[in-house]
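1. Fold the following and give me the result.
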Amino acid sequence: MIERFYLKDYLSFKEVELNLACGLVVFTGPSGSGKSILMNSLLSSLGASSCEASLCESGVTWELDSENTGIENDDINVFKHIKKEKSRYFINNQTVSKKAMAGLGSKYLRHLSLKDFSDFENENLISILDNRIENIGPVKNEYKKIFAEHKILKSELIKIQEEEKRIVELKEFASFEIKKIEDISPKVLEDEELLEIKKGLSKKEKVLESIEEASAIFEHEHKAFSALEALDIDSSFFDDAMNELRAVLDTAQEKFSALDDVDVEEVLNRIEELSGLKRRYGGIEEALEYKEQKKKELAEYENIEITKDDLEKKYTIIDAKLKDLAKSLTGLRHVEIKSFKDDLNKYLKELYLREAEVEIEESEYTALGKDKILLKLNSTELQKISTGEFNRLRLAILALKSEYMSKNGGVLMLDEIDANLSGEESMSVAKVLRQLSAHFQIFVISHQPQLTSMGDQHFLIYKEGDESFAKELDFNDRVDEVARIISGESVTKEAKKFAKELLEANKCAL
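-> Reported below is the predicted structural model:
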């Protein structure tokens, strides 16, 4: 519920603070006193509307989803809208966007001034109907479980069927890609080895010529030994150097001579083939990995028929279970729908509305089954009924729902729902709202004595000069205000007497 509301500097209001009760909270006052302004600012404090107030703030007992919002819960969570140069929104002094605030508030707050069809959505109507049916829970839970499995299997089967249409092309493509790589049969690091061979071939003649010229040094080796001997110098260092040089030149001679048998054209062609693979796949290793991937895919394509057969068998079993459970749900709902319709029409009769037509028709399978509830007001589509009829029909649906509610349903805000209604019609609305107030905190603006007298809490909105004020009324003040609503500004004794009787009667009915 909303426990406290504070407003500062908004149009005719300078400052207002309301400590709010649960149940039915009524706002009354002369036309132009600021009732709708106050209601709008209250909505704005929760992100559900916009206003130019410098500050509007609501303290609520709603539970916040701390895990997803990152906002810690307090005993009273404070929603705040501040307007200076621009609007800013806060929850528990943490900055949030208006959209985020409205999203959090929408879980608990319903504003019934517009044609909101959410109460007539199939999910809501089915939920109300199912809450009236004993022993539907186990069937419904089993259906939801089977429906989830059915949905997964159906998705997998559709995917395989789509793949099957392309299977021939996919198999041909995979086989072509595998053959292309296997025909070249690349080896890791082979490209580097071939580049070394190519490099060697390019300088083979020049290197061999250099080796031959350098080998001439060995023809004069004995002269160097003789000179060292004449100088009495140990020639072992020279002997070692010459042996090392001879070994280097011999090794080089053998290496480059071995290239005599290499076909240059073949090497160049092989390098080009490997370069093509590298350009396409990024490298030799990548090409080999791609080949293995395609082999794996090819094996999967070849096994797809087996997989498809298995899935079809599972799907057939699950589909049969789903249909049986949906049929059971439909049967239970058809038994209850007449009682549902009768009880709804009792409320509609109280609200002085035409009877509703309620039917169950078959629809696509959903998480709720295969049932869709069709609702009309005396054969008239809901889109075509008047706003007054629409809102009273919505109250009847909420009343029907509240019969099986075990917890608080949040906050309902209604702006002059009893406008242009007769006294009897207004009283009928008031009685339904009284019933709903056991499960909802309800804020309503009223110009009728019947609804006003039903309130658990009553605020008078009035003006002194150009400034608006809000005052919570005690019993005697309420008598005066209800009498004013009955007879106008010139309150008669008869009006005051009737007002007192009305309030006392409703007080006793509590």
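2. Please enumerate the helices of the stretch 351-500 of the chain.
-> 387-402, 423-436, 449-453, 475-487, 493-509 (DSSP state H, counting those that start in this stretch).
3. which parts of the longest one are buried?
-> Neighbour counts using 16 or more other CB atoms under 10 Å place 495, 496, 498, 499, 500, 502, 503, 506 of helix 493-509 among the buried residues. In short, each C-beta sits where N, CA and C put it, glycine included.
4. before we move on, back to that, winner for burial among the helices of the stretch 351-500 of the chain?
-> When these are scored by mean count of other CB atoms under 10 Å, the highest mean neighbour count falls to helix 449-453 (a mean of 27).
5. What's the mean pLDDT across stretch 392-401?
-> In this model, stretch 392-401 has an average pLDDT of 88.
6. Can you spell out which helices and strands pack onto the worst-scoring helix or strand of the chain on mean pLDDT?
-> None of the helices or strands of the chain scores lower by mean pLDDT, DSSP states H and E than helix 190-214, at a mean of 75. Helix 190-214 sits against helix 236-258, helix 264-281, with contacts defined as 3 or more CB pairs under 8 Å, 6 or more residues apart in numbering; DSSP states H and E.
7. out of those helices, which comes closest to residue 149?
-> Closest approach to residue 149 among those is made by helix 264-281 (40.6 Å; CB to CB).
8. all helices for the stretch 1-150 of the chain, in order.
-> Counting by DSSP H, counting those that start in this stretch, the helices of the stretch 1-150 of the chain are 35-45, 66-69, 98-106, 122-131, 136-165.
9. Please identify the most buried of those helices.
-> helix 35-45 (a mean of 24).
10. about what we covered before: from the buried residues of helix 493-509, which is closest to residue 375?
-> residue 506 (31.3 Å).
11. show me where pLDDT drops low in this protein?
-> Residue ranges of the chain with pLDDT under 70: 113-115, 200, 258, 260-264, 406-407, 508-510.
12. for it, which helix is longest?
-> Longest helix in the chain, counting residues (DSSP state H): helix 284-350.
13. packing partners for it?
-> Contacts defined by 3+ CB pairs under 8 Å, 6+ apart place helix 284-350 against helix 122-131, helix 136-165, helix 167-184, helix 264-281, strand 356-366, strand 369-377, helix 387-402, helix 423-436.
14. Next, format the ones you listed as a markdown table and append distance to residue 26.
-> Converted to a markdown table, the helices and strands packed on helix 284-350 look like this (distance: least, CB to CB, whole Å):
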| stretch | distance to residue 26 |
| --- | --- |
| helix 122-131 | 27 |
| helix 136-165 | 38 |
| helix 167-184 | 70 |
| helix 264-281 | 77 |
| strand 356-366 | 28 |
| strand 369-377 | 27 |
| helix 387-402 | 16 |
| helix 423-436 | 9 |
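15. out of these, nearest to residue 50?
-> Among the helices and strands packed on helix 284-350, helix 387-402 sits nearest to residue 50 (CB to CB), with 22.1 Å.
16. Restricting to C-alpha, output the closest one in PDB.
-> Taking C-alpha atoms only, helix 387-402 is exported to PDB below (Å, rounded to 0.1, in the frame of the first residue of the first chain):
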ATOM      1  CA  THR A 387     -16.100   4.000 -21.100                       C
ATOM      2  CA  GLY A 388     -18.500   4.000 -18.100                       C
ATOM      3  CA  GLU A 389     -19.700   0.500 -19.000                       C
ATOM      4  CA  PHE A 390     -16.200  -0.600 -19.600                       C
ATOM      5  CA  ASN A 391     -14.900   0.500 -16.200                       C
ATOM      6  CA  ARG A 392     -17.900  -1.100 -14.400                       C
ATOM      7  CA  LEU A 393     -17.400  -4.300 -16.300                       C
ATOM      8  CA  ARG A 394     -13.700  -4.100 -15.200                       C
ATOM      9  CA  LEU A 395     -14.800  -3.700 -11.600                       C
ATOM     10  CA  ALA A 396     -17.000  -6.800 -11.900                       C
ATOM     11  CA  ILE A 397     -14.000  -8.800 -13.300                       C
ATOM     12  CA  LEU A 398     -11.800  -7.500 -10.400                       C
ATOM     13  CA  ALA A 399     -14.600  -8.400  -7.900                       C
ATOM     14  CA  LEU A 400     -14.800 -11.900  -9.300                       C
ATOM     15  CA  LYS A 401     -11.100 -12.200  -9.100                       C
ATOM     16  CA  SER A 402     -10.900 -10.900  -5.500                       C
END
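17. just the angle between that helix and helix 284-350, please?
-> 100 degrees (axes from the mean of the first three to the mean of the last three CA atoms, to 10 degrees).
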